[in-house]
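*Asks:* Curious how this folds, go ahead:
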Amino acid sequence: MKKLISYLLIFTILLIPVSYLAAPTVTTNVAKGVISKISMSKDMVIELQQKLKDLKLYKDTVDGIYGKNTENAVIKFQKENKLIVDGVAGPITMKALQDKTKNMANQIGKNDTIKSIQKALQKVGLYKGEIDGIYGSMTKEAVMAFQKENDLTVDGLPGPATLAKLEQPNKDTNKELATEVVMAVQRVLQKLGLYKGSVDGIYGNKTKEALAQYKKTYDANFDDIMNIFH
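*Replies:* The predicted model follows:
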């Protein structure tokens, strides 16, 4: 009987190190995400939130705080892009996010409409970059600054409300922007097979009829077609 008790005691002692060593592994895995979030500076989190916002995944305030809403947005992005879903914006997630938002900027494209916007923003002292027709970070920041100054929705997207306000400071800018906007709309309508006329920037009967057809066919309005900038 004494031998049996001794064997049981030895067996129990041998088990203790195994349990002891296993616990820190679990704790480390759980804590990894917390450590990653803490190691991100406020500026890094702001950049993360802005990129997630550009992708329509983050709806909250860009405040530099890695809270639950930011984590949930990261999780959505990771799911959509078939990454490891842990809510942590690690190097792989950040690289994928960088590539995704870069592709979005490329889709907005390089064109004369963006050049006109850059010129208008330059005239009001908000854009200091080159007039290159590229909707990059400097142009976006200038658009956001303009939107903030004029009590518009601050999303960095030059939609109809922003363009209308941007047209006001200068008559020359007004005329130039109006023409470019109509040309952009005509190109979209042309691609949809609704507009057969020339891309001339004139808001005439053909353009009006094509817009009316667009609204009827797609159950949408003029604001929706301006999403070519998004």
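*Asks:* following the helix-or-strand element of the chain with minimal mean pLDDT, which helix or strand shows up next?
*Replies:* Least confident element among the helices and strands of the chain, by mean pLDDT, DSSP states H and E: helix 2-39 (a mean of 48). Using DSSP states H and E, the helix or strand that follows helix 2-39 in sequence is helix 42-54.
*Asks:* Pull out the CA atoms of that following helix and give them to me as CSV.
*Replies:* C-alpha atoms of helix 42-54 as CSV (Å, rounded to 0.1, in the frame of the first residue of the first chain):
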residue,chain,number,x,y,z
LYS,A,42,-1.1,56.8,-32.4
ASP,A,43,0.0,58.0,-35.9
MET,A,44,0.2,54.3,-37.1
VAL,A,45,-3.3,53.6,-35.8
ILE,A,46,-4.6,56.8,-37.5
GLU,A,47,-3.2,55.6,-40.8
LEU,A,48,-4.7,52.2,-40.2
GLN,A,49,-8.1,53.6,-39.4
GLN,A,50,-8.0,56.0,-42.5
LYS,A,51,-7.1,53.1,-44.8
LEU,A,52,-9.9,51.0,-43.4
LYS,A,53,-12.3,54.0,-43.7
ASP,A,54,-11.3,54.4,-47.4
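*Asks:* and the next element down the chain from that helix?
*Replies:* Toward the C-terminal end, the helix or strand that comes next after helix 42-54 (DSSP H and E) is helix 68-80.
*Asks:* mind listing what's buried in that next one?
*Replies:* By 16 or more other CB atoms under 10 Å, the buried positions in helix 68-80 come out as 69-78. Where C-beta positions appear, they are placed from N, C-alpha and C, glycine not excepted.
*Asks:* got it, and stretch 130-141?
*Replies:* 133-136, 138-141.
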